[in-house]
Every structure is written in structure tokens, then in C-alpha cells.
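[1] okay, predicted coordinates and the sequence, questions at the end:
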Amino acid sequence: MLTQAAAIWRFRFFLLALVWLDFRKRYNRSWLGVGWAAVLPIALAGTYIVVFSGVVGLSTVEYTKTLLLGLAVWGFFRDCAVNGCLALFSHETYIRSYDLPIGLYSLRFVLGYAIQAAFALAAAVAFVVGLDGSAQKLALLWAVVPSLLMIFVAGWAFATTVSFAQVYFHDTKHLLEIGSQMLFFLTPIVYPAGLLVGRGLGWMARINPINVYLELVRYPLATGELPDAKLYLYGLVCTAALVAVASATIWRYQKRFVFAL
């Protein structure tokens with residue numbers, strides 16, 4: 001992936017033009033524009049708060065903070081997985097006509113999803129500050145920056161891997177849609193991790209990489225404290241593993257996948 005990143009840098013203006021084109025098409029004549037990226041998690045959070053706030057053992061304020069932050073991060077991963085798997089199919093004309101780095105096509109999608117997630121996260125942070133009545137926790141935004149970078153790289157690596165899988169196995173997107181829905185409810189997003197621990201299922205949260213990325217962003221902003229250093233280490237290991245798989249996939253299939261498009 002490092003080789004891909006270096007190669008993509010040469011075409012960075014072309015990449016940014018594609019990302020801008022996506023936003024123009026997606027939000028053309030829209031009143032809120034990219035603001036809809038923040039409206040969706042807020043609307044979902046409102047629904048979950050009405051249904052679950054009385055049964056999760058948290059105050060409405062605490063539940064709202066953790067839920068909004070969790071939905072912002074989760075939305076990025078879901079988009080990278082479910083929609084990112086179409087990255088190669090969506091660029092078949094470019095692939096057959098130009099010799100561009102393969103990672104550029106998935107990065108186009110992931111950059112768009114990252115911008116949308118940034119708006120959702122900004123709205124979540126605004127809610128956190130508003131609910132707390134102070135801006136003290138904004139001082140810990142610096143602790144979230146490396147976590148956001150890990151999340152971005154992990155999303156790009158996963159999108160790249162599943163885009164190759166979609167070429168050879170066309171049911172990949174359908175499986176990812178089902179799997180993401182299952183993983184959403186297996187990940188402590190709409191409920192605290194303590195509920196899993198109370199049922200003897202705490203191991204599900206511990207081995208779930210998505211939960212690690214969630215906590216690296218959610219914990220410092222919701223509590224005003226730094227996460228355990230082990231979480232950063234686990235996040236680095238998960239990200240490195242995803243990058244290694246994506247790099248191996250590109251190395252093995254980049255010269256032959258075009259015959260399966």
C-alpha cells in the first residue's frame with residue numbers, strides 16, 4: 001500500500017477531481033448538500049435513543065454522546081466495505097484505458113466516505129460539547145487524530161481487498177451487506193459493552209477490531225480521558241494486518257483481474 005500511495009501521489013489532482021465530481025453528482029441541487037451526511041446519524045441516533053435509552057443502563061446524555069460518536073465511525077466502515085467493493089467495477093473504462101495505480105480507484109471512494117464521516121463526526125462532537133456544557137474535551141481532539149488516520153488507512157485497505165473479491169465473486173457485496181448488518185448489532189454501538197460482559201460475551205467486544213477503532217475515537221471525546229495504550233497498539237496491529245492483506249492482494253491480482261471484469 002505504501003507503493004500504491006507513492007504512485008497515487010503523482011495523480012493526486014486527478015483523484016481529487018474525481019472525488020469532487022462524486023460530491024457534485026451526489027448532492028446536486030440538494031439544499032443541505034454534504035450536510036445530509038450529518039443528518040443521517042443524528043436521525044438514527046434519535047430513533048435509538050427513544051427505543052433503547054431506558055434499557056441500556058446509561059443516562060440519556062451519556063447514551064447520546066457515545067451513540068453519535070459510534071455511528072459516525074461505523075458509517076465510514078460500512079460504506080468502505082459495502083460500497084467500496086464496487087471500486088474496480090465502477091472504473092472498468094479507466095482500468096482498460098489507462099495505466100493508473102489500482103489503489104486509486106478504491107481511494108476515490110474512501111476519500112468521499114471520509115469527508116462524509118468527518119461531517120458526521122463534527123456534528124457528534126458539537127453535540128458532545130453542547131451536552132457537557134463546556135469545550136474542555138475538545139482539548140483531547142489531538143488524541144483522536146492518529147486514531148482517525150488508522151481508521152482511514154484500515155478502511156482504504158479493506159475497500160481495496162473486497163473490490164478484488166467482488167471481481168472474482170459477484171456475491172461479495174450481498175454478503176457484505178448482510179455481514180455489516182450482523183456486525184452492527186454485535187458491536188457495542190447502540191448498547192454499552194458492559195451488556196456483553198454481563199452475558200458472558202465480553203470476548204466479542206475484545207476481539208472485534210471495529211470496537212477498538214470505535215473506542216479510540218469515542219472514549220476520549222465522551223469521557224475526557226485518554227484510552228489505554230493497549231488500544232492504540234491493538235489498532236495498529238489490526239491496521240497493519242489489513243494493509244498487509246491489501247498489499248498482497250494487489251501484488252497477486254493486479255495484472256490478471258482485468259480478465260475477470
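    On my side now, so go ahead. From a predicted model like this one, the values you see are computed outputs, not experimental measurements.
[2] chain center to the host helix or strand of Ala17, what's the gap?
    Ala17 belongs to helix 12-26 when assigned by DSSP states H and E. On the basis of CA atoms, centre = their mean, to the nearest Å, helix 12-26 is displaced by 19 Å from the centre of the chain it belongs to.
[3] show me what that helix is packed up against.
    Under the contact definition 3 or more CB pairs under 8 Å, 6 or more residues apart in numbering; DSSP states H and E, helix 12-26 sits against helix 103-132. Every C-beta, even on glycine, is put in place using the N, C-alpha and C of the backbone.
[4] whichever helix or strand comes after the helix it packs on: which residues count as buried?
    Later in the chain than helix 103-132, the nearest helix or strand by DSSP H and E is helix 141-168. Within helix 141-168, the residues scored as buried using 16 or more other CB atoms under 10 Å are 143-144, 147-148, 150-167.
[5] go on, stretch 84-92?
    The neighbour-count check on stretch 84-92 (16+ other CB under 10 Å) flags 84-88, 90-91 as buried.
[6] CA atoms of the helix holding Ala17 as CSV?
    Extracted C-alpha coordinates of helix 12-26, given in CSV (Å, rounded to 0.1, in the frame of the first residue of the first chain):
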residue,chain,number,x,y,z
ARG,A,12,-3.4,13.4,-6.8
PHE,A,13,-5.1,16.2,-8.8
PHE,A,14,-6.9,13.7,-11.0
LEU,A,15,-8.0,11.8,-7.8
LEU,A,16,-9.3,15.0,-6.2
ALA,A,17,-11.2,15.9,-9.4
LEU,A,18,-12.9,12.5,-9.3
VAL,A,19,-13.8,12.9,-5.6
TRP,A,20,-15.2,16.4,-6.3
LEU,A,21,-17.2,15.0,-9.2
ASP,A,22,-18.8,12.4,-6.9
PHE,A,23,-19.9,15.1,-4.5
ARG,A,24,-21.3,17.3,-7.2
LYS,A,25,-23.3,14.4,-8.6
ARG,A,26,-24.4,13.1,-5.2
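[7] in it, what's buried?
    The neighbour-count check on helix 12-26 (16+ other CB under 10 Å) flags 15, 18-19 as buried.
[8] ok so, going back, ok, of the buried residues of stretch 84-92, which one's closest to Arg206?
    Distance to Arg206, by CB to CB, is smallest for Gly84 among the buried residues of stretch 84-92, at 26.2 Å.
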